[in-house]
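Participant: My questions concern the predicted model and sequence given below.
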Amino acid sequence: MASGFLTVAIPKGRLFPPLMELFQKAEVLAEPLEEKSRKLILEDEESQLRFILSKPTDVPTYVEYGAADLGIVGKDVLVEAGRDICELVDLGLGFCKMVVAVPKDGPIKRVSQLGFDSRVATKYPNLAREFFNRQGLGVEVIKLNGSIELGPIVGLADAIVDITSSGQTLEENGLVPIATLGTSTARLIANPISYKMAFGRIMTIVRQLEAVLGEGGEADDPDLADLGR
Amino acid sequence: MQLIFQAGIACVKGEVLVEMEGDKVRHTILQTPRGLADLVGREVALMHLIEEKLSKLLASWGYQEVHTPTIEFADVLAKGSEGELKDAFCFIDRQGDLVALRPEMTTPCARLLASRLLSQPMPIRLFYAGRVFRYEEPQEGRNREFRQIGVELAGLPAPVGDAEVVALAVHAFETLGLEDFQFTVSHIGILEGLLEAAGIDKEDRHRLAHLLRRGDFVAYRRAVGELAKGSLGEILAEIPRLRGEASLVKELEERLAKEQASLGLSNARRALFELSTIFELLEIYGVLSYVKVDLGMVKDFTYYTGLIMEGYTADLGYTIASGGRYDQLLKSFGRSAPASGWALGVERLLLALERQGKLPKIEEKCEVLITPQAGTKEHWPQALALAKELRKLGYPTEVNPVLDPGRAMQMAKEREVNVLIDYSSEPKAVFFPSEKTTSIEDAVQLLKGGVNCG
């Protein structure tokens, strides 16, 4: 870990292109990586970085177990996973809000109307449970792995907890947000031991990124950090 | 009876197919509760070896070994964590008392120092090797039952006691041949003092410490940005990044000396001064190169009052050793004394050593199998006398009767022994893996002379 390659777990999918742009701008990488290549591990000789391309939800796991020294992942995934890692930089990418949404024409207008007999569908059961527990609402949380918006339409759930960036998908499915759990952006995370053992190299990357990131605007809604355990 | 039967239903079961006398038979496996595991053979031997080496080292520094009960009253254990026992296995004994499996050893040692060891003069040096139990989410290197070896040094205040325990921890890692390891230290009063000086109230201080403990430096820096302004705010925001050589402590001392509100900073400055004197002593101990400072370090246990420390290697993604100074804990048991100590996780240590290819060598002894014939007393006196002799020589020897004379060779191969002494047919000795056959007398002579097995 201390010498040679540093391993970075990065998510495939929507975060990948803006991430490559940021890495290039910050001069962390001279050339962007090719997501299209079938390879799951890419090495960059010049920067001595090795990249693991993984599913976003697996990034915290790779980092916690030390299979990757660093990782890039959304705050939403991070808080949901509740892993032992260090969160170093807010990269400002992939902004989204975590909201409670209900059918537009349905009976529920406020979160407090969701009772013990209400069901909430979500990809983020830990986060959702924490949010409702804090308000003393003992709703039933149902974990789904995709197309959360379907939940209320087919009568599986009364509400959903999901991320939204523009609100368009919600609207197309006849849903309106009634509460925000918090906001989320992509973070640079580190294995706690790597952070200590490879501190110098990791701080170089942190400073390179911070130099091009600027201050980062203060959002109106609180960061999801406040829902963390 | 009904109840016992019902309790049985709650066991977790698994099924496997096993071969029994040529037939495949369904076999039910009863599992252990989550986060608890069996260790066998080599695993246990390795654990013994490591603990022996460490025990020898700790004893050579004048530490006396103690055994404390696995189960203690819950309120005794809770004294180590502000009256809260959140990760302990608690249950009610038959008298109705709330008891718990010890989640750590420092609090039981503190109780011992203030009870049976009350008349022993300070300083008192204790060490222990034992199992602790924590109701945590099991992960690699983190089971719900694990072994800890640790020390407690009571009666020596900072910085002398701190330097001794840190130096001893470095030697413990060295003794085991661990490579590429590091210790980081900090002083709990530095962050606490800075936060106080910035006028941050207790609730927010707890929140900030919690964020640091969780490693959420983004949220920490944001929260500090809102709570503290000016140059003090800048220093606080930098805390998670203030790690490196001992000189960093001096640098921060100088920076604080220049601060306007230097009066309010007296606690933080005192803590910094203490830490820098600890480093001076560590240099004399000759262990300075293994120790770094990490001012962003925050610990789980609430009993720490001064130095805090962690030890790890690059090959394992979590800490192996952890400890610090706890000057108030003994007082809560009625014997005021400063104290410091550490504990290290034996399973984690084994994992680290394995990854570095540094596991201690288990001395390989020739294993001997003696096979008298079953169902007859013939040869038993010779077999048992020979077994006794070989065991005295230090060869692990087992005696298994066989019915069928052809079975002895097969059994020797199944059990991977080095020597077979077979009385079930024409008495003979067979060496493995060469299968060289000799008379029993010749084999005994060879074994007496110290044969090289394998």
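Facilitator: All right, it came through fine.
Participant: going forward, measure contacts and count neighbours with C-alpha atoms only.
Facilitator: OK.
Participant: What residues does chain A have near chain B?
Facilitator: Residues of chain A lying close to chain B (Cα under 8 Å from any Cα of the partner chain) are A:1-2, A:64-66, A:84-90, A:191-194, A:197, A:223, A:225.
Participant: hmm, try it at 6 Å
Facilitator: With Cα under 6 Å from any Cα of the partner chain as the criterion, chain A comes near chain B at residues A:M1, A:Y65, A:G66, A:C86, A:E87, A:L88, A:V89, A:I193.
Participant: Lowest pLDDT pick from these?
Facilitator: Least confident of the residues of chain A next to chain B in the model: A:M1, at 41.
Participant: ok, how many other residues are close to the residue of the stretch 1-150 of chain B found nearest chain A?
Facilitator: The stretch 1-150 of chain B approaches chain A most closely through B:E140 (7.8 Å), counting by Cα to the nearest Cα. Per other Cα atoms under 10 Å in any protein chain shown, the neighbour tally for B:E140 reads 11.
Participant: In strands, which of the residues of chain A next to chain B fall?
Facilitator: By the criterion of DSSP state E, membership of the residues of chain A next to chain B in strands covers A:C86, A:E87, A:L88, A:V89.
Participant: my guess is A:A159 contacts A:V120, does it?
Facilitator: Yes - under the criterion of Cα atoms under 6 Å, A:A159 makes contact with A:V120 at 4.8 Å.
Participant: any chance you could map the helices in the stretch 301-450 of chain B?
Facilitator: Assigned by DSSP state H, counting those that start in this stretch, the helices in the stretch 301-450 of chain B fall at B:346-355, B:380-392, B:407-414, B:440-448.
Participant: so of these, which one's packed in deepest?
Facilitator: helix B:346-355 (a mean of 20; mean count of other Cα atoms under 10 Å in any protein chain shown).
Participant: from the chain's centre, how far out does it sit?
Facilitator: Its chain's C-alpha centre and that of helix B:346-355 lie 10 Å apart, by Cα atoms, centre = their mean, to the nearest Å.
Participant: Which single residue in chain A comes nearest to chain B?
Facilitator: Nearest to chain B in chain A, going by Cα to the nearest Cα, is A:C86, at a distance of 4.1 Å.
Participant: neighbours around that residue, how many?
Facilitator: Residues lying near A:C86 (other Cα under 10 Å) number 26.
Participant: just A:F131 next, same as before
Facilitator: Neighbour count for A:F131, taken as other Cα under 10 Å: 19.
Participant: Contact partners for the residue of the stretch 301-450 of chain B found nearest chain A?
Facilitator: Closest contact between the stretch 301-450 of chain B and chain A, by Cα to the nearest Cα, is at B:G317 (4.8 Å). For B:G317, the contact set (Cα atoms under 6 Å, 6 or more residues apart in numbering or on different chains) comprises A:Y65, A:G66, A:I193.
Participant: Near the first one, how many other residues are there?
Facilitator: Here the neighbour count serves as a burial measure; for A:Y65 (other Cα under 10 Å) it reads 20.
Participant: again, but for the one 3 residues further on
Facilitator: Around A:A68 sit 26 other residues, with neighbours defined as other Cα under 10 Å.
Participant: Who are the contact partners of it?
Facilitator: Counting by Cα under 6 Å, 6+ apart, A:A68 touches A:T7, A:V8, A:A9, A:Y62.
Participant: wait, what's in contact with the second one?
Facilitator: So that's A:V8. Contacts of A:V8 by Cα under 6 Å, 6+ apart are A:F51, A:A68, A:D69, A:L70, A:G71.
Participant: got a pLDDT number for A:E43?
Facilitator: We have a pLDDT of 83 for A:E43.
Participant: which element is it on?
Facilitator: Using DSSP states H and E, A:E43 maps to strand A:41-44.
Participant: Skipping adjacent residues, who's closest to the residue of the stretch 301-450 of chain B closest to chain A in space?
Facilitator: A:G66 (4.8 Å; Cα to Cα, 6 or more residues apart in numbering or on different chains).
Participant: For that neighbour, grab the count of nearby residues.
Facilitator: By the other Cα under 10 Å criterion, the neighbourhood of A:G66 contains 23 residues.
Participant: how much space between it and B:V185?
Facilitator: From A:G66 across to B:V185, the span is 22 Å (Cα to Cα, to the nearest Å).
Participant: What of B:K299?
Facilitator: B:K299 is 11 Å from B:V185, by Cα to Cα.
Participant: Mind checking which of these two has more residues around it?
Facilitator: Using other Cα under 10 Å as the criterion, B:K299 and B:V185 rank with B:V185 on top: 26 against 18.
Participant: Can you show me the strands along chain A?
Facilitator: A:6-11, A:41-44, A:49-54, A:70-74, A:86-90, A:96-103, A:119-122, A:140-143, A:159-164, A:175-184, A:186-190.
Participant: Let me have these in a markdown table, extended by distance to B:L58.
Facilitator: Formatted as a markdown table, those follow (distance: least, Cα to Cα, whole Å):
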| stretch | distance to B:L58 |
| --- | --- |
| strand A:6-11 | 37 |
| strand A:41-44 | 45 |
| strand A:49-54 | 42 |
| strand A:70-74 | 37 |
| strand A:86-90 | 34 |
| strand A:96-103 | 53 |
| strand A:119-122 | 53 |
| strand A:140-143 | 51 |
| strand A:159-164 | 54 |
| strand A:175-184 | 49 |
| strand A:186-190 | 35 |
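Participant: what ranges of the chain fall below the confidence cut-off?
Facilitator: If you meant another chain, say so; for now it's chain A. The model of chain A has pLDDT under 70 over residues A:1-3, A:37, A:215-221, A:225-229.
Participant: hm, I was asking about chain B
Facilitator: For chain B, the ranges with pLDDT under 70 are B:1-13, B:83, B:261-263, B:452-454.
Participant: How about the residues of it by chain A?
Facilitator: When proximity is defined by Cα under 6 Å from any Cα, chain B lies next to chain A at B:G215, B:D216, B:F217, B:V218, B:A314, B:G317, B:Y318.
Participant: residue contacts, the residue nearest in space to the middle of chain A?
Facilitator: Geometric centre of chain A, nearest residue: A:G74, 2.0 Å, by Cα atoms, centre = their mean. Residues near A:G74 by Cα under 6 Å, 6+ apart: A:T185, A:A186, A:R187.
Participant: Name whatever forms a beta bridge with the second one.
Facilitator: Meaning A:A186. Bridge pairing for A:A186 (DSSP bridges) gives the partners A:G74.
Participant: One more: A:A121?
Facilitator: Beta bridges link A:A121 to A:I142, A:I160, judged by DSSP bridges.
Participant: hmm, who's touching the host helix or strand of B:V185?
Facilitator: Using DSSP H and E, B:V185 falls within strand B:181-187. Contact with strand B:181-187 is made by B:290-295, B:306-313, as judged by Cα under 6 Å, 6+ apart.
Participant: Nearest residue to the residue in chain B positioned nearest to chain A in space, ignoring adjacent ones along the chain?
Facilitator: Nearest residue of chain B to chain A: B:G215, at 4.1 Å (Cα to the nearest Cα). What sits nearest to B:G215 in space, not counting adjacent residues and going by Cα to Cα, 6+ apart, is A:C86, at 4.1 Å.
Participant: now B:A114
Facilitator: Counting by Cα to Cα, 6+ apart, B:A114 lies nearest to B:R335, which is 5.4 Å off, once chain neighbours are set aside.
Participant: mind listing what residue 208 touches?
Facilitator: Because you didn't say which chain, this covers chain A. Contacts of A:Q208 (Cα under 6 Å, 6+ apart): A:A26.
Participant: meant chain B, my bad for not saying
Facilitator: Contacts of B:L208 (Cα under 6 Å, 6+ apart): B:Y220.
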